[in-house]
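Enquirer: Sequence first, predicted model second:
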Amino acid sequence: MAARKVTEPKKPATKKTPNKKSATQAQVAQPKTAPAIRKATEPLKIGLFVGREWSWPPAFLEEVNRRDEGVIAEYMKVGGSRMNEAVNYRVIVDRISHEVPYYRSFLKNAALQGVKVVNDPFMWTSDDKFFGASVVDRLGVVSPKTVVLPNKDYVPGIVPTESLRNLTYPIDWDGLVEYVGGFPLVLKDAHGGGWKEVYICHSMEELWHHYNHCGLLTMIIQEFIKWDNYARCMCLGQEEIHVMKYDPSQRKYHAEHDFSPALYDRLVKDSLTIVDAFGYDMNTAEFAIRDGIPYAIDFMNPAPDMDVNSLGKVHFDWMVAHMADMTIKLAKSKKATRDRYYWGKLAKETEK
């Protein structure tokens, strides 16, 4: 955008010496006011929080900036944040706050200031795989039967005979295993990701062994789906679904999928249902396909894999281009993360 030309008024022929005293008095007489919350100014800014990933972030920043659409993208720098501090970014893409708690606190304040945070830090903080399974089941998406287990260990101060009076003991292991369809079954962290703390258990002894070593983690057991095919769907902006064939046993993406048109449509429909329910703008949903039926087995991944070495060039290029499309569109919109919350509407009223 060309700089606007400002024409200065012509100076009078006779120069007048300003009255310094009266100018000073005028300054003193002006009441002090609280600093206003800053609004995003052009160019609109997209901030990026990342961890140990090196392929997608620079490619994404370059893609946004080369388009010259009045939007710039850059890595963010933060360190010690003040209460109600203004955040001069229109959009922030978060791919690491699940491992850096300070970032999560900063992003919540950013949302309060009207920033569109991808993904919503409040939802991300509160989600878990058991709740997610219950939600999608209620919404008609097929999901494996799931049970959340009492914790094995507790923080200091919890006295089992006094603090856990609401807890049934012993656990009805036989009944819970029967509910999820027997062995084999999956034991995994209700809040985990990246295939960490995931165990395929073939017997009660295996189940007890892994459960007894899970410490403070909240674990779930889940029906094991012996799949014929497998899909991982990238979901962007709650609008675009990129369907990929994936092999979890080899952690390998295929450049093309072999899903029938009907199955493909079902994968897209179920993925849209999931991200619409949870409000995620950047997420992957995984489906284990058995007898033509897609089972949503892992679908709350707000910091999904975007590495070129695992995705391959075809999928990587799609991620780069379409993440740029989405974030530029969000930057130019009036969407804000806080719009989903009552406190956000109250905060917005204070800025009018």
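Expert: In hand now; what should we look at?
Enquirer: all strands for the stretch 201-350 of the chain, in order.
Expert: Remark: strands assigned in the stretch 201-350 of the chain by DSSP state E, counting those that start in this stretch are 219-223, 229-236, 240-247, 252-253, 282-290, 293-301.
Enquirer: Take the ones you listed and lay them out in CSV including mean pLDDT.
Expert: Listed next are these as CSV, based on pLDDT from 0 to 100:
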stretch, mean pLDDT
strand 219-223, 98
strand 229-236, 98
strand 240-247, 97
strand 252-253, 96
strand 282-290, 97
strand 293-301, 96
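Enquirer: out of those, nearest to P58?
Expert: strand 282-290 (17.5 Å; C-beta to C-beta). To be clear about C-beta, it is placed using only N, CA and C from the backbone, and glycine gets the same treatment.
Enquirer: Let me know which of the strands of the stretch 201-350 of the chain is the nearest to G344.
Expert: Once those are compared by C-beta to C-beta, strand 282-290 is nearest, at 20.0 Å.
Enquirer: Tell me which other helices or strands that closest one touches.
Expert: strand 229-236, helix 261-278, strand 293-301 (3 or more C-beta pairs under 8 Å, 6 or more residues apart in numbering; DSSP states H and E).
Enquirer: thinking again about what came up before, would JSON lines of the strands of the stretch 201-350 of the chain with mean neighbour count be doable?
Expert: Listed next are the strands of the stretch 201-350 of the chain as JSON lines, based on neighbours: other C-beta atoms under 10 Å:
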{"stretch": "strand 219-223", "mean neighbour count": "23"}
{"stretch": "strand 229-236", "mean neighbour count": "23"}
{"stretch": "strand 240-247", "mean neighbour count": "18"}
{"stretch": "strand 252-253", "mean neighbour count": "14"}
{"stretch": "strand 282-290", "mean neighbour count": "23"}
{"stretch": "strand 293-301", "mean neighbour count": "22"}
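Enquirer: Turn those strands into JSON lines, including distance to N84.
Expert: As requested, the strands of the stretch 201-350 of the chain are exported to JSON lines (distance: least, C-beta to C-beta, whole Å):
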{"stretch": "strand 219-223", "distance to N84": "38"}
{"stretch": "strand 229-236", "distance to N84": "31"}
{"stretch": "strand 240-247", "distance to N84": "34"}
{"stretch": "strand 252-253", "distance to N84": "43"}
{"stretch": "strand 282-290", "distance to N84": "27"}
{"stretch": "strand 293-301", "distance to N84": "30"}
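Enquirer: about what we covered before: mind checking which of the helices and strands packed on strand 282-290 is nearest K152?
Expert: When the helices and strands packed on strand 282-290 are compared by C-beta to C-beta, strand 293-301 sits nearest K152, at 22.4 Å.
Enquirer: Can you dump the C-alpha atoms of the closest one in CSV for me?
Expert: Taking Å, rounded to 0.1, in the frame of the first residue of the first chain, the C-alpha atoms of strand 293-301 are listed here in CSV:
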residue,chain,number,x,y,z
ILE,A,293,-16.9,-47.9,8.7
PRO,A,294,-14.5,-45.1,9.8
TYR,A,295,-14.0,-45.1,13.6
ALA,A,296,-12.7,-41.8,15.0
ILE,A,297,-10.0,-43.0,17.3
ASP,A,298,-7.8,-39.9,17.7
PHE,A,299,-9.3,-36.6,16.7
MET,A,300,-8.1,-33.9,19.1
ASN,A,301,-4.7,-33.0,17.8
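Enquirer: okay if I get the helices and strands packed on strand 282-290 as CSV plus distance to S310?
Expert: As requested, the helices and strands packed on strand 282-290 are exported to CSV (distance: least, C-beta to C-beta, whole Å):
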stretch, distance to S310
strand 229-236, 11
helix 261-278, 20
strand 293-301, 13
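Enquirer: closest to T350 out of these?
Expert: Using C-beta to C-beta, the nearest of the helices and strands packed on strand 282-290 to T350 is helix 261-278, at 28.1 Å.
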